[in-house]
Every structure is written in C-alpha cells, then in structure tokens.
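# Sequence first, then the predicted structure, then my questions.
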Amino acid sequence: MTGPSEDFGHREGRETLGQSEDRGVPYEYPSLDEQPGYWARWWVEFKKRLRQSWDNDPVSRVTLILSAIVFFGMTIWGLINKYLVPLVFP
C-alpha cells in the first residue's frame, strides 16, 4: 500500500452535494438518541425488579427454576414423541 488507508464506512453518504459536514470527523447513522428509548427503560426496570425479587424472595427463585425445568422437560418429551416413538413403534 502506497497511500494512507481510508475507512470507507465512515465516508458513505457524505459525498453527495449539499452536505456541509466536516469530512475529517466520522459520523454515526442513525444518530444515537440522547435518552434511552421506551424498551431500553422497560428492560432496565424489568432487570431491577427481577434482581430484587430474586434476592429478597426465595419463592420466586424456586418458581423460576421449576418453570425452566418443566419447560425444557416438556420440550424434550415432545421431541421424543414426535421423532423417536415413530421409529421404535411404527
């Protein structure tokens, strides 16, 4: 390479006519919001409440673990009934 390398990802779209932007400064598209969006705030609130209930209430911990066990157990049971049972008992 004989010349300086250029990051073309930061240059994209700035070569059109009418844009008065400093070509030496990279930009982000779409621009980042100054405040978090609705779902970001909702997710943070959900994690905060889950952490509080996880630490303070052992019933929620047991409920979540048992729900996960039942969910994965039923998923495996359904896969066995769908694929393995017809192979063994045609």
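Yes, it's here. Residues are numbered from 1 along each chain as shown.

# mind showing which ranges of this protein have poor pLDDT?
Residue ranges of the chain with pLDDT under 70: 1-36.

# swap the cut-off to 50 and go again
1, 14, 17-18 (pLDDT under 50).

# where exactly do the helices run in it?
Ranges of helices in the chain, per DSSP state H, are 8-11, 38-56, 58-79, 85-88.

# ok, Ser60 to Ser67 distance?
10 Å (CB to CB, to the nearest Å). From N, CA and C alone the C-beta is placed, and that goes for glycine too.

# And those two? Which one has more around it.
Ser60 (14 against 10; other CB atoms under 10 Å).

# my guess is that one contacts Ser53, does it?
Yes. The criterion here is CB atoms under 8 Å, and Ser60 meets it with Ser53 at 4.5 Å.

# Near Cys76, how many other residues are there?
Careful, residue 76 is Ile; it's not Cys. 10.

# Next: Pro90.
5.

# again with Leu79
10.

# and if you look at Ser53?
15.

# which residues touch it?
Ser60 (CB atoms under 8 Å, 6 or more residues apart in numbering).

# Quick check: it vs Thr63, distance?
10 Å.

# Now Phe89: phi and psi?
phi -120, psi 80 (degrees, to the nearest 10).

# Could you do Asp57 as well?
Torsion angles, degrees, to the nearest 10, at Asp57: phi -130, psi 110.

# give me every residue that touches it.
Applying CB under 8 Å, 6+ apart, no residues contact Asp57.

# Could you number the chain from 4 rather than 1 from now on?
Got it, first residue is 4 now, which makes that one Asp60.
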